[in-house]
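Student: below is the sequence, then the predicted model.
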Amino acid sequence: MSEKIPSVRSAALGIWVTVGSRHESEKLNGISHFIEHMAFKGTASRSAMDIAKTIERGGGHINAFTGKELTCFYVHVLDEQIPTAVDILTDILQNSVYDPAEIEKEKQVILDEIRDHEDMPDDVVHEQFINQVYRDHPLARPILGPPENVSSFSREDIQGFVKEHYSPHRIVVAAAGNVKHSHLEKLVSGSLSLKGRKQKRSPQMLQSLKPGFERAGRAIQQAHMMMGGRGIPYKSKDRIAVSMLNTVLGGGMSSRLFQNIREKHGIAYAVYSYADSLSDTGYYGIYLATDKQRVDRAREMVMNELHDLKDRPLSKAEIEEIKIQYKGGLMLGLENTSSRMMRLARMEIYQGRYVPLDEISARIDSVTPRKVQAMANLLFDEKNIVTNVLEPDGKS
């Protein structure tokens, strides 16, 4: 997949693998993220320094990320560096040596990353929230994995997982910028030669969500709260309506949560909502940080906003404002080549086709106040709401 943007002198290029933490066994939870790190530690022909320096000497940037069901290795380079970028990305994907000494060093790096995550209460409460939303399902597991897993990973574990999951039918290459598709196709076909037969996955069935309220204490100064539940899959025809609902609820400074909870009542400094979609499910979340004594009041105020969105449709003026805001955010995002590359890849992975802007714009225009209200009633049903609070334990 590629999108030519002749007005720029750069290109963003990503190689995506449709594997993430949900595809790991409990014993190997965290290995996708570990492999992402190890890809930059050297190949048969390049050292870790060679990989970084070759891209950065031209002002470029190379990085990667791991999610619940995707891993992406990407670069942002000048257009003249595209052949080099393809060579490096395909090299680290296919020829990483996974040196045992480097594996041992990287274990310490990732354990530090986990400890860093544990020092951030907003990250911790989010992880607790995801665990409650997808309890007893692989999606509940942390992307980084537990420390005991990370400490135990071996070269054989890594090579076995790569052999099983890094196969041609699970690879998507996407680029956006000053790139010619035929040239890119030639470069990739000449460099990427992964082997492996197509294996059908049988994802574990999701059990019904169990609503609940969980509190935990920690040596921190303020309480952090997450509320939310299951959402909708990426391919759902209602995804745009859900995104617009999120914009109204907590998608910015003009949202209802921000204006009511922070601006009007001063209950919380940070308050926002989000909605995320995966291949067969999704989730929405509401986060806020406040004083421990205000948690129950804050939760009540959030619930009031959810009930209002369920009970009353948006006005005609409100829906039109949200449509303008949504389209504006979409267009601003397209000014970034990396964002465009990622959009292309996700469309191919989740929808199997390129969705043109005109079609997206028409879908936005077709959303009605009643549709947004219907999504509010679907998502904000009290049987679909869990709450997690991480609060001061009095020892700090």
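Tutor: It's in.

Student: going forward, measure contacts and count neighbours with C-alpha atoms only.
Tutor: Fine.

Student: what's the domain layout of the chain?
Tutor: The chain breaks down into these domains under automatic domain parsing: 2-191, 213-392.

Student: ranges for the strands of the stretch 251-396 of the chain?
Tutor: Per DSSP state E, counting those that start in this stretch, the stretch 251-396 of the chain carries strands over the ranges 270-277, 282-290, 386-392.

Student: with distance to G329 added, can I get those in JSON lines?
Tutor: Below are the strands of the stretch 251-396 of the chain laid out as JSON lines (distance: least, Cα to Cα, whole Å):
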{"stretch": "strand 270-277", "distance to G329": "15"}
{"stretch": "strand 282-290", "distance to G329": "19"}
{"stretch": "strand 386-392", "distance to G329": "29"}
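
Student: would you format these as CSV with mean pLDDT and distance to E148 included?
Tutor: Output for those, formatted as CSV (pLDDT from 0 to 100; distance: least, Cα to Cα, whole Å):
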stretch, mean pLDDT, distance to E148
strand 270-277, 97, 29
strand 282-290, 97, 28
strand 386-392, 97, 24
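
Student: columns mean neighbour count on top of these, output as a markdown table?
Tutor: Shown next, in a markdown table, are those (neighbours: other Cα atoms under 10 Å):
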| stretch | mean neighbour count |
| --- | --- |
| strand 270-277 | 19 |
| strand 282-290 | 22 |
| strand 386-392 | 23 |
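
Student: figure out which of the ones you listed is closest to E348.
Tutor: With Cα to Cα as the criterion, E348 lies closest to strand 270-277 of the strands of the stretch 251-396 of the chain, at 14.6 Å.

Student: that closest one pairs with which strands, and in what direction?
Tutor: Strand 270-277 pairs in its sheet with strand 282-290 (antiparallel), by DSSP bridges.

Student: compute the inter-axis angle for the strand it pairs with and strand 386-392.
Tutor: Orientation check (axes from the mean of the first three to the mean of the last three Cα atoms, to 10 degrees): strand 282-290 against strand 386-392 gives 30 degrees.

Student: mind checking how far strand 282-290 is from the chain centre?
Tutor: For strand 282-290, the gap between its own C-alpha mean and the chain's C-alpha mean amounts to 15 Å (Cα atoms, centre = their mean, to the nearest Å).

Student: what's the distance between the residue nearest to I88 when sequence neighbours are not counted and V150?
Tutor: Sequence neighbours aside, I51 is the residue nearest to I88 in space, at 6.8 Å (criterion: Cα to Cα, 6 or more residues apart in numbering). The gap separating I51 from V150 is 24 Å, by Cα to Cα, to the nearest Å.

Student: burial of the closest residue to S25 other than its chain neighbours, as a residue count?
Tutor: Using Cα to Cα, 6+ apart and skipping residues adjacent in sequence, the residue nearest S25 is P138, 7.8 Å away. Here the count is done by other Cα atoms under 10 Å, and P138 has 21 residues near it.

Student: got the contact list for P138?
Tutor: By Cα atoms under 8 Å, 6 or more residues apart in numbering, the residues touching P138 are S21, R22, H23, E24, S25, E26, Q204.

Student: just send the domains of the chain back as TSV, with distance to K200 too.
Tutor: As requested, the domains of the chain are exported to TSV (distance: least, Cα to Cα, whole Å):
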stretch	distance to K200
domain 2-191	10
domain 213-392	15
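
Student: can you give me the helices in the stretch 151-300 of the chain?
Tutor: Using DSSP state H, counting those that start in this stretch, the helices found in the stretch 151-300 of the chain span residues 155-165, 181-191, 239-250, 256-257, 295-311.

Student: give me the distance from the first one to the chain's centre.
Tutor: So the one you mean is helix 155-165. Using Cα atoms, centre = their mean, the offset of helix 155-165 from its chain centre is 23 Å.

Student: how about the residue nearest to the spatial centre of the chain, phi and psi?
Tutor: The residue lying closest to the centre of the chain (Cα atoms, centre = their mean) is G67, at 5.7 Å. The phi and psi torsions at G67 (degrees, to the nearest 10) take the values phi -120, psi -160.

Student: what number of residues lie near the closest residue to it other than its chain neighbours?
Tutor: Closest residue in space to G67, ignoring its immediate chain neighbours: G20 at 5.5 Å, by Cα to Cα, 6+ apart. The number of residues packed near G20 is 23, by other Cα under 10 Å.

Student: for G20, give me its contacts.
Tutor: Counting by Cα under 8 Å, 6+ apart, G20 makes contact with S32, H33, T66, G67, K68, E69, L70, T71, I143.

Student: so which of those residues comes closest to G14?
Tutor: Taking those together and measuring to G14 by Cα to Cα, the closest member is T71, at 10.0 Å.

Student: could you find the closest non-adjacent residue to that closest one?
Tutor: Counting by Cα to Cα, 6+ apart, the residue nearest T71 is V17, at 5.2 Å.

Student: and the gap between the one you found and L70?
Tutor: Per Cα to Cα, V17 is found 6 Å from L70.

Student: those two: who's more crowded?
Tutor: Remark: of V17 and L70, V17 carries more neighbours, 23 against 20, as counted by other Cα under 10 Å.

Student: right, and A176 touches I5 too?
Tutor: Yes - using Cα atoms under 8 Å, A176 is in contact with I5, at 6.9 Å.

Student: and the two? Which one has more around it.
Tutor: Neighbours per residue, other Cα under 10 Å: of A176 and I5, the larger number sits with A176, 29 against 16.

Student: any idea what that one is bridged to?
Tutor: E3, A12.

Student: next up, the contacts around it.
Tutor: Listed by Cα under 8 Å, 6+ apart, the contact set of A176 reads S2, E3, K4, I5, A11, A12, L13, T337, S338, R340, M341.

Student: just the buried members of these?
Tutor: Buried subset of the contacts of A176 (neighbour count, 16 or more other Cα atoms under 10 Å): S2, E3, I5, A11, A12, L13, T337, S338, R340, M341.
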